[in-house]
Each structure stands twice: as C-alpha cells, then as structure tokens.
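**Student:** Fold the following.
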Amino acid sequence: MRRNIEGRTRRLKITGKQELENGVARSQRSYLEALFERQVHEHGMPEPIREFYFKGWRFDFAWPTLKIAVEIDGGTYIGGAHVRGKGYERDCKKNNAAQCEGWVVLRADRNMVGTYEFACVVKRVLIRRISCLKPIGTK
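**Tutor:** Just a heads-up that it's a prediction; the model follows:
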C-alpha cells in the first residue's frame with residue numbers, strides 16, 4: 001500500500017519489466033530460486049551456475065559441463081508468461097535448441113520446487129551424467 005498526494009492509500013500494481021520478470025514478481029522468483037538452491041545444498045548436489053546463458057536464452061540454473069539445466073516456472077497458476085502463448089512458444093524453442101545440443105532441461109513449477117520428489121529427479125540426472133563422464137572400469 002502506498003499513500004497518494006491526497007493521503008489516500010492505494011494498492012501498488014506490479015507492472016513493467018523492472019518489477020516483473022517472465023510473468024513472475026521478482027520477489028516470488030527470488031524465493032523459488034533460493035528454495036531450489038537450498039535444496040541443492042541439502043541434497044549434496046554440485047553447485048549450479050545461476051542464470052546461465054545459452055544461445056541467447058537463459059537457464060535459471062545449469063551445470064554446463066554436464067549439459068543439465070533447471071527451469072523454475074513461477075506463475076503457472078496465475079497466467080504467467082510460461083503458460084501464455086508467446087512465453088510458452090519461447091520456452092519450447094529454448095528447450096528444443098537445448099535438446100538438439102544434448103542438454104537435459106528439467107522444469108518445475110512453484111509447487112514442485114522444494115519437494116523431495118523434484119530433488120531426487122535432479123540428483124538422479126546429475127548422477128547419471130557424472131557416471132557417463134567417468135572412464136569405463138573406474139569406480
């Protein structure tokens with residue numbers, strides 16, 4: 001709430017690129033990303049790179065040497081950019097380009113981030129990719 005010149009209070013709207021990113025308020029995005037980072041740490045996963053740039057797009061989190069990315073889609077239940085036409089199309093193009101380059105892109109909405117199930121999925125993919133890098137016959 002903010003007071004205007006007449007002293008009345010008015011509700012602030014989130015508008016513009018400064019306060020809204022991909023259809024999600026920055027505070028929500030920061031919370032979801034912090035939650036995922038905590039999950040990574042708690043489950044003993046290697047530290048990802050935040051906001052990794054890939055061919056003109058950005059992954060929320062990435063392990064580039066393993067070609068694994070995590071995309072956190074906030075706003076899926078409030079009509080955010082990831083579920084609207086142009087945003088969904090942009091995400092499809094990014095995912096397709098990444099898959100053509102051998103990337104695994106894992107996606108989670110706000111209800112999935114922070115769950116044991118999603119942490120296990122990410123960790124399982126990391127373990128499989130890491131084991132593929134080791135020479136055969138080594139432990």
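**Student:** pretty sure Leu66 contacts Arg128?
**Tutor:** No: judged on C-beta atoms under 8 Å, Leu66 makes no contact with Arg128 at a distance of 9.3 Å. Any C-beta I mention is one placed from the backbone N, CA and C, and that applies to glycine too.
**Student:** the more surrounded of those two?
**Tutor:** Leu66 (18 against 12; other C-beta atoms under 10 Å).
**Student:** Can you get me a residue count around Val121?
**Tutor:** Using other C-beta under 10 Å, Val121 has 15 other residues around it.
**Student:** Just confirm it contacts Arg107, I think it does.
**Tutor:** No: checked against C-beta under 8 Å, the pair Val121 and Arg107 is beyond contact range at 10.3 Å.
**Student:** now the protein, which segments are flagged as low pLDDT?
**Tutor:** Applying pLDDT under 70 to the chain picks out residues 1-29, 74-85, 87, 134-139.
**Student:** So which residues of it form strands?
**Tutor:** Secondary structure of the chain (DSSP state E): strands at 2-3, 9-10, 20-21, 24-25, 49-54, 57-63, 68-73, 104-109.
**Student:** Please identify the most buried of those.
**Tutor:** Among the strands of the chain, ranked by average contacts under mean count of other C-beta atoms under 10 Å, first place goes to strand 68-73 (a mean of 23).
**Student:** Which strands or helices does that strand pack on?
**Tutor:** Strand 68-73 is packed against helix 26-42, strand 57-63, helix 85-100, strand 104-109, helix 116-133, with contacts defined by 3 or more C-beta pairs under 8 Å, 6 or more residues apart in numbering; DSSP states H and E.
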